[in-house]
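1. This is a predicted model, with the sequence first.
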Amino acid sequence: MALEEYRKKRDFSKTPEPAGRVAQRAGNARFFCVQKHLASHLHYDFRLEHNGVLLSWAVPKGPSLDPKTKRLAMKVEDHPLEYGEFEGVIPEGYGAGLVMLWDRGTWTPEAGDVDAALKKGDLKFTLDGYKLKGSWVLVRTSGRYPGARGGSGGESRTWLLIKHRDDWAGELDITEFAPLSVRSKGDFEDILGDGTPAVWRSNRPAKGGEAGAMLAAIIERAAKLKTKRITTKDTKDAKDTKEKASTRRTTQSAQKSQRKRKR
């Protein structure tokens, strides 16, 4: 079953992630997305729609537009198509952290048989997203370290994501240049600020190192954002209440004057 591993790793009574199902979309367009995921470490989840699911790779440093830069991409379990629009907070369990929809669009295989290309370990394709465009390739490597093997048939889980030379290639660091969500237009603190910033104060998914420091700063900024939103809402509510009271008094005064004139 295509999504068995995905479901086995998650407790859907705790996570807001979709349980999903294998489902073919109407039409020929194939969806792709990249989700920026701050968990025990920051990485980017690269996903391509194929056969009713999202084929998925974890890219630790994110995609690079420079053809000279080969990005490690670890093959992970297939995800449901609904996951392609997911953005939010995973509070505990597998993948606990923040998920941002960093890019999305459509992809087109450059070879007719996608399954054969995947089996060969050489998948060439074209992306048409907000941030990622043009020709790319995913190449499977030998994966000579613990945990690298474990894919279907014992194949290596280690791939490389590489940009081909074209009009969309360049040395610009796209992850630094365009860090925000294509869905909410916000950053991690905006996503967390819509929930409960204090949720990880005692048990953070990223407890140390660069990711831990990043999460601590995000929690602090999210808490400030939430406080500001609450203060703004309270101020607005107080103003609205005052204006309604003033309007009511004015209306009552006008009605009283009208009654006097009728007498």
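-> Cool, got the structure. Residues are numbered from 1 along each chain as shown.

2. what sits up against the helix or strand harbouring residue 72?
-> Per DSSP states H and E: residue 72 is located in strand 71-80. With C-beta atoms under 8 Å, 6 or more residues apart in numbering as the test, strand 71-80 has contacts from 2-3, 5-6, 9, 18-23, 45-47, 53-64, 138, 148, 151, 157-162. (C-beta placed from N, C-alpha, C; glycine too.)

3. Direction included, what does it pair up with?
-> strand 53-59 (antiparallel), strand 158-163 (antiparallel) (DSSP bridges).

4. how about low-confidence regions in the chain?
-> The model of the chain has pLDDT under 70 over residues 1, 26-27, 143-154, 195-206, 228-263.

5. Mind doing that once more with 90?
-> 1-4, 6-7, 9-29, 39-41, 88-97, 111-112, 142-156, 189-263 (pLDDT under 90).

6. all helices of it, in order?
-> Counting by DSSP state H, the chain has helices at residues 4-8, 114-120, 174-177, 188-193, 209-262.

7. hmm, back to that, buried ones from the contacts of strand 71-80, can you make that a ChimeraX selection?
-> In ChimeraX, this line selects whichever of the contacts of strand 71-80 come out buried by 16 or more other C-beta atoms under 10 Å:
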select :2,3,6,18,20,45,46,47,53,54,55,56,57,58,59,62,63,64,138,148,151,157,158,159,160,161,162
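
8. burial measure for residue 69, as a count.
-> 15 (other C-beta atoms under 10 Å).

9. same question, residue 225
-> Other residues lying near residue 225 total 18 when counted by other C-beta under 10 Å.

10. distance of it from residue 218?
-> To residue 218, residue 225 is 10 Å away according to C-beta to C-beta, to the nearest Å.

11. any common contacting residues for the two?
-> Joint contacts of residue 225 and residue 218 (C-beta under 8 Å, 6+ apart) are residue 189.

12. returning to what we had before: CSV for the strands paired with strand 71-80, including distance to residue 122?
-> Shown next, in CSV, are the strands paired with strand 71-80 (distance: least, C-beta to C-beta, whole Å):
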stretch, distance to residue 122
strand 53-59, 14
strand 158-163, 10
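
13. and residue 127, which of those is closest to it?
-> Ranking the strands paired with strand 71-80 by proximity to residue 127 (C-beta to C-beta) places strand 158-163 first, at 9.5 Å.

14. From the chain's centroid, how far away is the closest one?
-> In terms of C-alpha atoms, centre = their mean, to the nearest Å, the centre of strand 158-163 is set 20 Å apart from its chain centre.

15. which residues touch that strand?
-> Applying C-beta under 8 Å, 6+ apart, the contact partners of strand 158-163 are 46, 57, 59, 63-67, 69-75, 121, 134-143, 148, 169.

16. are any of the residues you listed buried, and which?
-> If you count burial by 16+ other C-beta under 10 Å, the buried members of the contacts of strand 158-163 come out as 46, 57, 59, 63-67, 70-75, 134-140, 143, 148, 169.

17. can you tell me which strand in the chain is longest?
-> Counting by DSSP state E, the longest strand found in the chain is strand 97-109.

18. rewinding a little: show me the one of the strands paired with strand 71-80 that comes nearest residue 110.
-> Of all these, strand 158-163 sits nearest to residue 110, with 13.2 Å by C-beta to C-beta.

19. Identify the residue nearest residue 94 in space, chain neighbours excluded?
-> Excluding its sequence neighbours, the residue lying closest to residue 94 (C-beta to C-beta, 6 or more residues apart in numbering) is residue 9, at 4.5 Å.
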